[in-house]
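> what follows is a predicted protein model with its sequence.
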Amino acid sequence: MAFLAKSASLAAIAAFATLSGAAAIAATDDPPTAVSADSVQPIRDAVASPNRSENFRQRDSYRNPVETLSFFGLQPGQTVVELWPGGGWYTEVLGNYSRSTSPAGTRLIVAAPWERGLNAIRRMQTSQPDLWNHIQLAEFPAPSGTTNPTVAPGSADLVLTFRNVHNWRFGGQDQVAENFRQIFSMLKPGGRLGVVEHRLPEEMDSALEETSGYMKRSSVVAYAEAAGFRLIGESEINANSRDTHNWPRGVWTLPPVLRGADQDPRRDEYIAVGESDRMTLLFVKP
């Protein structure tokens, strides 16, 4: 079954400059525009909530959730879809936000492969139902004929995915194309797609996209545009100039994973780099 569509007007998109003094890059003649301080405050409150996991909170300085979600245009009253939530880092923030702004009609759907992709969110809901049971779960990508909940076509105002395009790429080019096609379908006309992804410099070997966890900006934009999206803005809020993109175990060499670092004499170097260099891209469904 599919979730019923819920009407909610698209609000203005936050310019990164509004919060940090750095310029957002307008990609077309339809750039993001600044949101009001009143619209940003619920995001700040969600990030500052005491119910967030302390180990998650320690990643805030690398992931910049207030600035990132403001840039993507998160607003009360939207139907928001988070794709492939992993351990639930952003789900905690978005769950706090959607619960606090629910009187305005905000709705949060978390979508991933039906079993393993949603297990962390199910554990959140089981352990703290009062905090997280309002989050709806859906299958994504949705195979033909599935009987599990899916995101209804034309129902979402804002779709967000954080550090996942490389995972889709590991499934092959056809899988990436299908995922972006399904995202395009679930959005309303004028709906926005926000993507944060580990960035592979354009001059580096594209074959690294198949193994390293990094993706080229040109590749992500090409996938989105092939599905019908237009790029309307990008921000450097999640950039990291210390990342050289050529680590022995790919992006997972760096925090927070630090794969294999216990036996690696360069461990302190990896920690000093911090989390990966990331692109932050905003697309619209025309």
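Received it, and whenever you're ready, just let me know what you need.

> show me where the stretch 151-286 of the chain has helices.
Listed in chain order, the helices of the stretch 151-286 of the chain (DSSP state H, counting those that start in this stretch) span 165-170, 173-186, 217-227, 267-273.

> so where is the protein shaky, pLDDT-wise?
For the chain, the stretches with pLDDT under 70 are 1-35.

> which residues of it fall in strands?
25-26, 79-83, 107-112, 136-139, 156-162, 187-200, 215-216, 230-235, 278-284 (DSSP state E).

> JSON lines for these, including distance to residue 120?
The way it works is simple: take the backbone N, C-alpha and C, and place the C-beta from them, glycine included. Below are the strands of the chain laid out as JSON lines (distance: least, C-beta to C-beta, whole Å):
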{"stretch": "strand 25-26", "distance to residue 120": "33"}
{"stretch": "strand 79-83", "distance to residue 120": "12"}
{"stretch": "strand 107-112", "distance to residue 120": "9"}
{"stretch": "strand 136-139", "distance to residue 120": "11"}
{"stretch": "strand 156-162", "distance to residue 120": "14"}
{"stretch": "strand 187-200", "distance to residue 120": "18"}
{"stretch": "strand 215-216", "distance to residue 120": "23"}
{"stretch": "strand 230-235", "distance to residue 120": "27"}
{"stretch": "strand 278-284", "distance to residue 120": "21"}
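
> just these: most buried one?
Compared across the strands of the chain, strand 79-83 shows the largest average neighbour count, a mean of 26 (mean count of other C-beta atoms under 10 Å).

> so what are the sheet partners of it and their directions?
Here strand 79-83 is paired, per DSSP bridges, with strand 107-112 (parallel), strand 156-162 (parallel).

> tell me which of those lies nearest to residue 147.
Nearest to residue 147 among the strands paired with strand 79-83 is strand 107-112; the distance by C-beta to C-beta comes to 15.4 Å.

> show me how far the closest one is from its chain's centre.
Centroid separation between strand 107-112 and its chain, computed with C-alpha atoms, centre = their mean, to the nearest Å, is 12 Å.

> and for stretch 183-193?
How far stretch 183-193 lies from its chain's middle: 14 Å, per C-alpha atoms, centre = their mean.

> which residues touch that stretch?
The contact list for stretch 183-193 (C-beta atoms under 8 Å, 6 or more residues apart in numbering) reads 5, 10, 13, 72-73, 81, 83, 151-161, 224, 227-229, 232, 282-286.

> residue 203 is in contact with residue 218, correct?
No - applying C-beta atoms under 8 Å as the test, residue 218 and residue 203 come out as separate, 11.2 Å apart.

> which one's more surrounded, the two?
Taking other C-beta atoms under 10 Å, residue 218 and residue 203 do not tie; residue 218 has more neighbours (11 against 6).

> and the residue lying closest to that one once chain neighbours are set aside, what does it touch?
Closest residue to residue 218 apart from its sequence neighbours, by C-beta to C-beta, 6 or more residues apart in numbering: residue 202 at 6.1 Å. Each residue near residue 202 by C-beta under 8 Å, 6+ apart is listed here: 216-218.
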